[in-house]
Structure formats: structure tokens, C-alpha cells
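1. Sequence first, predicted coordinates after that:
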Amino acid sequence: MTTNEKPEGKVEITIGNLAFSAEGSQDWLGEQLAKVIEAATKIHPAGSVQSLHAKPVAGGSVSTDSLATYLKAKGGDTKQLLRFLATAAWLRRRDSNAELTTGAVAKALTNHQQKGLANPADCLNKNVQKGFCEKTNSGFFITPEGWTSLGETQP
């Protein structure tokens with residue numbers, strides 16, 4: 001791939017009786033997905049379609065998993081340190097420019113009605129000790145080892 005080419009991706013989504021599947025550049029897929037979501041809100045206006053957000057993930061695919069689904073898939077629904085790391089990864093997948101902070105992780109869990117963390121700062125410190133996270137001046141980031149422990153590649 002040259003520097004001028006956009007990464008290729010694939011998306012498959014079903015909302016109620018509306019299904020969409022396509023392959024193409026991430027930019028094109030994003031435009032098409034926005035159209036599908038707009039159409040779905042007209043078909044299912046009372047549903048939760050308005051809160052659906054999909055962003056490209058590693059490998060060019062698109063993730064529409066809810067936080068609950070993502071946590072369950074990563075084992076974070078039962079283990080607090082893993083819940084912290086998986087929630088941070090879920091946030092990073094949705095907005096690669098957002099600053100990861102312990103407050104953002106705790107807020108995401110609360111906003112999505114998931115089990116909270118007894119001490120988010122301690123969870124971060126323990127993930128740092130394991131080599132899964134590194135602190136920065138204003139927050140933290142997930143290390144390649146952290147992504148690997150989740151069975152993923154860094155976005």
C-alpha cells in the first residue's frame with residue numbers, strides 16, 4: 001500500500017430488519033455506514049439506533065459492539081483489572097484521539113451501566129505494573145503488551 005492509498009475495510013451491520021454489508025476504503029465505508037444509520041433511525045425512531053456509533057478498528061473492520069458486549073468478550077465482566085483495561089481499549093477504538101484517563105474509564109462504565117471499579121487509579125497502577133499501560137502527563141495509553149493481552153492489535 002502506498003502512502004496515498006486508504007486502508008481497505010469491511011463492515012457488516014444489522015439493525016432490526018435492516019442489514020448492510022460492504023467492503024471498501026475506510027472513508028467510503030464510514031460515509032455508507034452513516035447513511036445506513038440515518039435510514040435505520042427513520043425505520044426505528046424509538047429504538048436505540050440514535051446512540052449507535054461505529055468506528056474503524058485494526059485491520060480496517062468496524063466495531064459496533066456495546067461496552068457490555070466488548071467487556072464480556074474480553075473477560076472484563078468478572079475481573080476488575082481486565083474491566084479497566086478492556087474499557088480503556090473500547091474507548092480507544094471509538095476515538096483514537098481521546099485522552100485516556102482513569103476518570104474517562106470510570107465514566108464510561110457508569111454511562112453504559114456496567115459494574116464500576118473500586119479504585120480506578122489502583123487498577124491503572126496494577127496494569128502499569130503488568131506492563132499493559134503506561135502513564136503520561138495527562139493520562140495513560142495501552143502498551144502493545146496490553147493490546148496483546150486483550151487478543152488485539154493496537155489501532
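-> Thanks, I have it.
2. C-alpha from now on. contacts and neighbour counts both.
-> Fine.
3. what about stretch 110-120, average pLDDT?
-> Mean per-residue pLDDT for stretch 110-120: 91.
4. Just the buried residues of that stretch, please?
-> The neighbour-count check on stretch 110-120 (16 or more other Cα atoms under 10 Å) flags 116, 117, 120 as buried.
5. residues in contact with that stretch?
-> By Cα atoms under 8 Å, 6 or more residues apart in numbering, the residues outside stretch 110-120 that reach it are 67, 68, 77, 80, 84, 102, 103, 105, 106, 109, 123.
6. In helices, which of those appear?
-> 67, 68, 80, 84, 102, 103, 105, 106, 109, 123 (DSSP state H).
7. of those residues, buried ones?
-> Buried members of the ones in helices among the contacts of stretch 110-120, counted by 16+ other Cα under 10 Å: 67, 68, 80, 84, 102, 105, 106, 109, 123.
8. Same list (these) but as JSON lines, adding distance to residue 91.
-> Below are those laid out as JSON lines (distance: Cα to Cα, whole Å):
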{"residue": "67", "distance to residue 91": "9"}
{"residue": "68", "distance to residue 91": "12"}
{"residue": "80", "distance to residue 91": "16"}
{"residue": "84", "distance to residue 91": "11"}
{"residue": "102", "distance to residue 91": "12"}
{"residue": "105", "distance to residue 91": "8"}
{"residue": "106", "distance to residue 91": "11"}
{"residue": "109", "distance to residue 91": "10"}
{"residue": "123", "distance to residue 91": "16"}
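9. Going by distance to residue 139, which of those wins?
-> For these, the residue nearest residue 139 by Cα to Cα is residue 102; the value is 7.4 Å.
10. hang on, that closest one packs against residue 125?
-> No - between residue 102 and residue 125 there is no contact under Cα atoms under 8 Å: 10.2 Å.
11. could you say which helix or strand contains residue 134?
-> Per DSSP states H and E: residue 134 is located in strand 133-135.
12. likewise residue 70?
-> Using DSSP H and E, the element containing residue 70 is helix 67-74.
13. Tell me the buried residues in that helix?
-> 67, 68, 70, 71, 74.
14. So the closest residue to residue 142 other than its chain neighbours versus residue 24, what's the distance?
-> Among residues not flanking residue 142 along the chain, residue 133 sits closest, at 4.4 Å (Cα to Cα, 6 or more residues apart in numbering). Residue 133 sits 33 Å away from residue 24, going by Cα to Cα, to the nearest Å.
15. Over to residue 128?
-> 37 Å.
16. Cool, thanks, talk later.
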